[in-house]
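**Q** below: sequence and its predicted model.
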Amino acid sequence: MSFYQKIKPMLFKMEPENAHNFVTKLMLIPPKIPFLESFLANSYCRVYKNLAQDIHGLHFYNPIGLASGFDKNAEFVRGLAGLGFGFLELGSITQMHQEGNPKPRIFRHVAEESIQNTLGFNNIGVRGMLANLKKHYPFTVPLGINIGKNKNLVLADSLKNYELSLEELKNYGDYFAFNLSSPNTPNLRDLQNENFVGELLNMARGITQKPLFIKISPDMEIDTMLAVCQKAIECGVNGIIATNTTIDYSVIANPIQKDGINVGGISGRALCEKSREVFRILAKHFFGKTTLISLGGISDSNEAYTRIKMGASLVQIMSALIYQGPSLVARINKELHEKLIADGFSNITEAIGKEIA
Ligand SMILES: Cc1cc2nc3c(=O)[nH]c(=O)nc-3n(C[C@H](O)[C@H](O)[C@H](O)COP(=O)(O)O)c2cc1C
């Protein structure tokens, strides 16, 4: 039994946000103890040549990334990289720090291996994140920075808010992802329209030539989603990250409610099918035209490989890490490596998009 499986019952008795804070504090320990850090790196960070690829000038040792939301402030970069991730997406960060929504704001649906969160971009703000990033950057694996919008702004000020964040961060991330899809910031998802996405990317291209992504929701009307992504591509986006959490509460048996209303976004296994289907449509239209990153309910190498064959160059995980613990990334990578060999692919790039429906 792994160390994580031993401590999981204790962690799962803790309030979820406290458990997250406890685990992330543990991640600060290995970088301070060289023997422990190299022991973990030897255990988790195997390099498989057939998983490596270059995308937009960045080298990815493997396609498994950490989704944004786990390390919102870039505090645990070294500890997380020690788990074997091919890249880390940090954030979401907002220009000014904010507390987020009242606690409790993370809920487990254990039987469904899913999470419901109402966090609302609790983070220390761009300056705080920069102070943390400066300790590490440039780093051994690509660091993406996911930028959100401050809550206390009228929607008309959103563009300026993203611009100020990007301007301050531009020298310290390997790629930037604009989060237009968190359900926990009022009206944020309204920014998923062609006009705003066009303005956002034109603004961003004026500031940086680094890769730019937009992260979209799984709950959009299909026509809107396709139009928004098409516009993003025309305006120079490098890729689409799909998907964020869902507010389709039918995917879960007993969604948490506040004042009788379902709240927050659902992630994990309950989101898997929905994210996969959204991704299928996205890939059908845009594979080969932009880089696609898939996430939502990925919890094993089978699902990761499915998304890759559907057209994802990279995948990300988050909820499964909470349920399965730190050995998950190494396990998925090892099994992906074996699957590529079994299917006769000499490199992951040959498998990407092989089964576009
Ligand atoms: C606790 C929690 C916090 C999250 N915070 C963010 C965030 O700050 N920014 C963001 O773009 N997505 C955030 N997400 C969404 C994840 O990045 C991801 O899109 C979603 O959880 C689906 O992946 P999963 O099923 O592997 O968890 C968060 C998810 C969870 C569970």
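**A** Perfect, thanks for sending it.

**Q** so where do the helices sit in this structure?
**A** Ranges of helices in the chain, per DSSP state H, are 3-13, 16-26, 34-44, 77-81, 125-133, 158-169, 194-207, 222-234, 269-286, 301-310, 319-324, 328-342, 348-351.

**Q** mean neighbour count, mean pLDDT and distance to the ligand added to these, as JSON lines?
**A** For the C-beta atoms, the positions are set from N, CA and C on the backbone; glycine is no exception. Output for these, formatted as JSON lines (neighbours: other C-beta atoms under 10 Å; pLDDT from 0 to 100; distance: least, C-beta to the nearest ligand atom, whole Å):
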{"stretch": "helix 3-13", "mean neighbour count": "12", "mean pLDDT": "94", "distance to the ligand": "14"}
{"stretch": "helix 16-26", "mean neighbour count": "15", "mean pLDDT": "96", "distance to the ligand": "7"}
{"stretch": "helix 34-44", "mean neighbour count": "14", "mean pLDDT": "92", "distance to the ligand": "18"}
{"stretch": "helix 77-81", "mean neighbour count": "21", "mean pLDDT": "96", "distance to the ligand": "14"}
{"stretch": "helix 125-133", "mean neighbour count": "19", "mean pLDDT": "98", "distance to the ligand": "12"}
{"stretch": "helix 158-169", "mean neighbour count": "19", "mean pLDDT": "98", "distance to the ligand": "13"}
{"stretch": "helix 194-207", "mean neighbour count": "17", "mean pLDDT": "98", "distance to the ligand": "15"}
{"stretch": "helix 222-234", "mean neighbour count": "17", "mean pLDDT": "98", "distance to the ligand": "15"}
{"stretch": "helix 269-286", "mean neighbour count": "20", "mean pLDDT": "98", "distance to the ligand": "5"}
{"stretch": "helix 301-310", "mean neighbour count": "22", "mean pLDDT": "98", "distance to the ligand": "10"}
{"stretch": "helix 319-324", "mean neighbour count": "22", "mean pLDDT": "98", "distance to the ligand": "3"}
{"stretch": "helix 328-342", "mean neighbour count": "19", "mean pLDDT": "98", "distance to the ligand": "11"}
{"stretch": "helix 348-351", "mean neighbour count": "18", "mean pLDDT": "98", "distance to the ligand": "20"}
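
**Q** out of the ones you listed, which is closest to residue 111?
**A** Each of the helices of the chain has some distance to residue 111 by C-beta to C-beta; the shortest is helix 269-286, at 9.6 Å.

**Q** ok and that closest one relative to helix 301-310, angle-wise?
**A** Helix 269-286 and helix 301-310 meet at an angle of 20 degrees, taking axes from the mean of the first three to the mean of the last three C-alpha atoms, to 10 degrees as the criterion.

**Q** I am assuming residue 265 contacts residue 114, so please confirm or correct that.
**A** No. Using C-beta atoms under 8 Å, residue 265 makes no contact with residue 114, being 10.5 Å away.

**Q** picking that back up, quick one: closest of the helices of the chain to residue 250.
**A** helix 269-286 (9.6 Å).

**Q** ok, residue 76 - contacts?
**A** Contacts here follow C-beta atoms under 8 Å, 6 or more residues apart in numbering; on that basis residue 76 touches 24, 27, 28.

**Q** what's the closest non-adjacent residue to the first one?
**A** Think residue 24. Spatial nearest neighbour of residue 24, excluding adjacent residues (C-beta to C-beta, 6 or more residues apart in numbering): residue 76 at 5.3 Å.

**Q** per-residue confidence for the one you found?
**A** You'll see residue 76 listed with a pLDDT of 97.

**Q** pull out the buried positions in stretch 173-190.
**A** 173-185, 188-189 (16 or more other C-beta atoms under 10 Å).

**Q** which of the contacts of residue 76 sits closest to residue 285?
**A** Proximity of the contacts of residue 76 to residue 285 (C-beta to C-beta) peaks at residue 24, which lies at 37.4 Å.

**Q** that closest one reaches residue 69, doesn't it?
**A** No. Counting by C-beta under 8 Å, residue 24 stays clear of residue 69, with 11.9 Å between them.

**Q** now the residue in the stretch 51-200 of the chain that the ligand sits nearest to, nearest residue through space, not along the chain?
**A** Distances between the stretch 51-200 of the chain and the ligand by C-beta to the nearest ligand atom are smallest at residue 69, namely 2.2 Å. Leaving out its chain neighbours, the residue that sits closest to residue 69 by C-beta to C-beta, 6+ apart is residue 318, at 6.1 Å.

**Q** so that neighbour sits against residue 70, correct?
**A** Yes. Residue 318 sits in contact with residue 70 when judged by C-beta under 8 Å, with a separation of 5.7 Å.

**Q** list the contacts of stretch 139-147.
**A** With C-beta under 8 Å, 6+ apart as the contact definition, stretch 139-147 has outside contacts at 58-61, 65, 68, 74, 77, 81, 85-94, 129, 133, 136-137, 162, 165-166, 169, 172-179, 213, 215.

**Q** now do the longest strand anywhere in the chain against helix 158-169, angle only.
**A** Within the chain, and with DSSP state E defining each element, the longest strand by residue count is strand 87-93. Strand 87-93 runs at 130 degrees relative to helix 158-169, counting by the same axes, to 10 degrees.

**Q** report the buried residues of strand 87-93.
**A** 87, 88, 89, 90, 91, 92, 93.

**Q** do that strand and the ligand meet?
**A** Yes. Judged by C-beta under 6 Å from any ligand atom, strand 87-93 and the ligand are in contact via 91, 92.

**Q** give me the contacts around that strand.
**A** Outside strand 87-93, the residues that touch it by C-beta under 8 Å, 6+ apart are 58, 60, 65-69, 71-74, 77, 80-81, 121, 123-126, 129, 133, 141-148, 165, 169, 173-174, 177, 179, 182, 241, 314, 316.
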